[in-house]
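Colleague: Predicted model and sequence below, questions to follow.
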Amino acid sequence: MTDENFLRNLITFAGYPGLFLIIFAETGLLIGFFLPGDSLLVTAGLLAATAVAGIQNETYLNIYYLNALLIPAAVIGDAVGYYIGLKLGPKLYSKESSRFFKKEHLLKTKAFYDKHGGKTIIIARFMPIIRTFAPTVAGVAQMKYRKFFQYNVFGGVFWVLSMTLLGYFLGNIPGIEKHIEKVIVVIVFLSILPAIVSWLKNKFRNKKVVSKKDEADA
């Protein structure tokens, strides 16, 4: 997914309906954790500004239509995730990992939710993988839907607008169209940076635990 042409081709191929389904699936379905939410939104905004969303004479993305469509996708997606957690409850934690379901992601999100509470629904919007499982964990925890709805709407609006408008702002920089591939690569890297940082922290934390255990055994 780090190929600079991947996101551009995906957006061109998917169009508005495809973008809606991708954002909905990443935020509402447990199998959507691998989808490129942040980078997709920023790239869509970038392409909307630079008028290179398609190949030559194809229709370009409109930033207003883009936000009007993807904000509901993000909000509805989280609502579905919450409903899944509410209905399935603790059964999810006993479910074994599979190709389309990673139990460790669910457990990490639960730990994050236990630490940050309801604010997780907003914070998680900007964290790959965790944003997929956060609404489900809130449902399992039986957060009051009125409270969840407020966090969901605010988080959904803020996430989509901040990402697409960031791309749109970048796309309006003079000469940016000559370096759009490089910009997309940077966008992809920044979108996965939180996951990389989290992985490194866990790796060093595990090393410290092993080191202390070895010292104790010695």
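Modeller: Looks like it came in fine.
Colleague: Could you list the low-confidence segments of this protein?
Modeller: Applying pLDDT under 70 to the chain flags residues 1-5, 32, 51-59, 97-101, 175-185, 187-203, 205-218.
Colleague: which residues in it form helices?
Modeller: Taking DSSP state H, the helices of the chain run over residues 4-28, 37-50, 63-88, 91-94, 103-116, 120-123, 130-140, 145-171, 180-217.
Colleague: quick one, the second one and helix 130-140 angle?
Modeller: Think helix 37-50. In this structure, helix 37-50 runs at an angle of 130 degrees to helix 130-140, with axes from the mean of the first three to the mean of the last three Cα atoms, to 10 degrees as the basis.
Colleague: okay, helix 37-50 in CSV with CA atoms only?
Modeller: Written as CSV, here are the backbone C-alpha positions of helix 37-50 (Å, rounded to 0.1, in the frame of the first residue of the first chain):
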residue,chain,number,x,y,z
GLY,A,37,-8.3,5.4,6.3
ASP,A,38,-6.1,8.4,7.0
SER,A,39,-4.0,8.2,3.9
LEU,A,40,-7.1,7.6,1.8
LEU,A,41,-8.8,10.7,3.1
VAL,A,42,-5.8,13.0,2.8
THR,A,43,-5.1,11.7,-0.7
ALA,A,44,-8.7,12.2,-1.8
GLY,A,45,-8.5,15.8,-0.6
LEU,A,46,-5.2,16.3,-2.3
LEU,A,47,-6.6,14.9,-5.6
ALA,A,48,-9.7,17.0,-5.3
ALA,A,49,-7.5,20.1,-5.1
THR,A,50,-5.0,19.2,-7.9
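Colleague: now the angle from that helix to helix 63-88?
Modeller: 160 degrees.
Colleague: ok so, going back, mind putting the helices of the chain in a markdown table, mean neighbour count included?
Modeller: For the C-beta atoms, the positions are set from N, CA and C on the backbone; glycine is no exception. Output for the helices of the chain, formatted as a markdown table (neighbours: other Cβ atoms under 10 Å):
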| stretch | mean neighbour count |
| --- | --- |
| helix 4-28 | 18 |
| helix 37-50 | 26 |
| helix 63-88 | 20 |
| helix 91-94 | 12 |
| helix 103-116 | 16 |
| helix 120-123 | 23 |
| helix 130-140 | 27 |
| helix 145-171 | 19 |
| helix 180-217 | 13 |
